Every structure is written in C-alpha cells, then in structure tokens.
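# just the structure for this:
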Amino acid sequence: MSEQVQLTEDIEMNEVISGNGDSMNEQFKSGFATLIGRPNVGKSTLMNRIIGQKIAITSRKPQTTRNRIQTVYTDIKRGQIVFLDTPGIHKAKNKLGEYMVNVAEQTFDQVDVILWLVEPSTFIGAGERHIAEQLSKVNVPVLLIINKTDTVKKEEILAFIDTYRKIYDFAEIIPASALKGDNTDVILDMIFKYLPYGPMFYDEDTITDQPERQIVAELIREKALRSLSEEIPHGIAVTIESMKERPKGDMVDIEATIICEKDSHKGIIIGKGGAMLKKIGSNARKDIEKMLDCRVNLRLWVKVRKGWRDSDVQMKNFGYNPKDV
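Next up is the predicted model:
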C-alpha cells in the first residue's frame, strides 16, 4: 500500500534552495487560496485538475463536498499553493447545511487569494448576490472563475464577464473549463501573481491533509451520489468501521457503513437482491485500489440513523463537527 501522505500538525518552514544550491530563492511564493461558490459549480473538479489526481469527490448533485479539503500544489520554481476546497454556499435547511455554509465562509479571512467559481450566465441569482455581499467584507484579492465555458459559445463569454464585473470589483476575471482543463494554467498564473513571497509550508511531495480513511469514505459516498436518485444522497454519510492491511501487503480489507435517514432509503440503497449496493461497492473499490495501489476487499453495510443531519452528536460521529469551524 502506498505510504500515507499527510500534512504535519505544526507547519515547518522548509528552506527553498535556489539553483546554485546555497541560498533561498527570493522569487519563491507561498500562500493559501480558497475555492468558493454555489453547489455544483465545479470547485472540486478544478482542484482535482490542478493537483493532478482525485482528492475531492465530484458529482452533478449539489452538496457533494461537506468538509473543507486541503490540498497542496507545488511548483519548485515558482512557489507553493495550499488550496482549501469548501462546501457550496447555499441556504441551509438543517444543522448539516449550516455547518457546511459556516465551513465555507470561515475561510474568507484565512487565505491570501479567493477563487469564486460561477457558471456562465447573464443572470445573477440570490445565491451569487449573497456571496458578493459576504466578499464585500474581506480585504484579499478575489479572482472570478467563470467555469464550464465548454458548455457555451465563445462569443457569449464577454457578456458573462460584463454581467459579473458589475456586482464586484474583481482582481481578475478568468473564463475556464475545469473539466476540459481550459485556462487552468492561467488560473495558476493569477494565483501566484497575488501570493506573497516566502518559503514552502510543506514538503514538495505533500498533496493533502486528508487521512486515507476519510478519502476512502468519500470515494464510497461519491459512488452512492452518482448511483442513487436525487433525494437520497443528501441524507447519507459513510463511516469506515475497519481498514486493515494483510500481512503480505498485497491487499487491504475495508469494512464500511452507509448511513441513511429513512427505512425506505435503506431498501433503495441495497437494491433488489443487493444489486445497488454491489454497484456502489464495485465502483468505489476501483478508485480505492487506484489510490492505495493495491487490491482491496470492500464490504458494505447500510444502517438507518433518522434525523442525523439535525443531531450534533451524530454529525460529529460522522466527521462533521461544528466546533471545528
């Protein structure tokens, strides 16, 4: 199994050595950038694209990301960016929703650059206006990323830019497609433009602070999100009961539980003859094996925890602790 890559609890300032091998590179930049926006605008897709591998799960359903996910991008010649991928900002309907919005908005004053992702449109909805209002209180540069430009005609993009520039004084406005990789190099250039000069926060090989167990749980939840009907995914969580490497190191045994809120949802998740649960498990196992670089024996169960999204105790048990915000 590949070695777990985690950020150290205490940030160590690693010296960045220039080409001559004996002095610090004064042109090296380092800092924090957060990705914000409404649900399903492509924040996790953009972060995964920049990092070069899947760290955050993605789906077409809103509220896919529930926690603040931290990843690190290092260009040894230019600098290091620590990305914070946040849950979508939306009108909360329960305690879990409030937790998610708080996680997102708490990052505003903790970073050097804010990336606000929006969809290409000439209509500014209440959700975007709420975000603009929150951003009016911060003093860091905001880059507007008009994502999903691969879904519209090029001649329409200028109208989208003109619409958004009227609601906020952006440092930069960048049309892009996270899915296709269009202009992601420009996004990196603009982030580095606004970062302060300084040494690396983390080792150049570090890519995330997410424990393997948490990534495994999220990969399982992603496959459930993609496989189940619209109403069910918002009410599910995944817990890893055990994760053990076999003595020879050629396989990892994982036992996980999918938590849902209703008995009727449990039946749908399991499916006729266990078909749906088998589909979720099979699809998740492929991604888990790719991440761990070994074979995986994955066993899934389904349990009902009614109203868990409004229970502080159960939210904490499933990895969403409001006190951490």
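# and Met251, how far from Lys290?
Counting by Cβ to Cβ, to the nearest Å, the gap from Met251 to Lys290 is 14 Å. C-betas here are computed from N, CA, C, even on glycine.
# neighbour count winner among these two?
Neighbour tally, Met251 and Lys290, criterion other Cβ atoms under 10 Å: the higher count belongs to Met251, 17 against 13.
# and the spatially closest residue to that one that is not a sequence neighbour, what's its pLDDT?
Leaving aside its chain neighbours, Met251 sits nearest to Arg295 (4.5 Å; criterion: Cβ to Cβ, 6 or more residues apart in numbering). Per-residue pLDDT puts Arg295 at 92.
# what's near enough to touch Arg295?
By Cβ atoms under 8 Å, 6 or more residues apart in numbering, the contact set of Arg295 is 250-252, 289.
# now it: phi and psi?
Its backbone dihedrals place Arg295 at phi -70, psi 150, with angles given as degrees, to the nearest 10.
# restricted to helices, list the contacts of Arg295.
When DSSP state H defines the helices, the subset of the contacts of Arg295 inside them is Glu289.
# in JSON lines: the contacts of Arg295, plus pLDDT and distance to Asp189.
As requested, the contacts of Arg295 are exported to JSON lines (pLDDT from 0 to 100; distance: Cβ to Cβ, whole Å):
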{"residue": "Asp250", "pLDDT": "83", "distance to Asp189": "43"}
{"residue": "Met251", "pLDDT": "91", "distance to Asp189": "43"}
{"residue": "Val252", "pLDDT": "91", "distance to Asp189": "39"}
{"residue": "Glu289", "pLDDT": "89", "distance to Asp189": "35"}
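# in what helix or strand does the residue nearest to Ala217 when sequence neighbours are not counted lie?
Nearest non-adjacent residue to Ala217, counting by Cβ to Cβ, 6+ apart: Val238, 4.3 Å away. Per DSSP states H and E: Val238 is located in strand 237-245.
# show me what counts as buried in that strand.
237-240, 243 (16 or more other Cβ atoms under 10 Å).
# how about CSV for those, with distance to Ile167 and pLDDT added?
Shown next, in CSV, are the buried residues of strand 237-245 (distance: Cβ to Cβ, whole Å; pLDDT from 0 to 100):
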residue, distance to Ile167, pLDDT
Ala237, 35, 84
Val238, 38, 87
Thr239, 41, 87
Ile240, 42, 87
Met243, 46, 89
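# can I get these in CSV with distance to Ile259?
Output for the buried residues of strand 237-245, formatted as CSV (distance: Cβ to Cβ, whole Å):
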residue, distance to Ile259
Ala237, 4
Val238, 7
Thr239, 7
Ile240, 12
Met243, 17
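# and which of those is nearest to Val302?
Val238 (10.3 Å; Cβ to Cβ).
# in contact with that closest one, which residues?
Taking Cβ under 8 Å, 6+ apart, we find Val238 in contact with 217-218, 220-221, 224, 256-259.
# list just the nearest of the residues you listed to Leu179.
Looking across the contacts of Val238 and measuring by Cβ to Cβ, the closest to Leu179 is Glu218, at 19.5 Å.
# so what's the residue count around Arg165?
When neighbours are counted by other Cβ under 10 Å, Arg165 registers 12.
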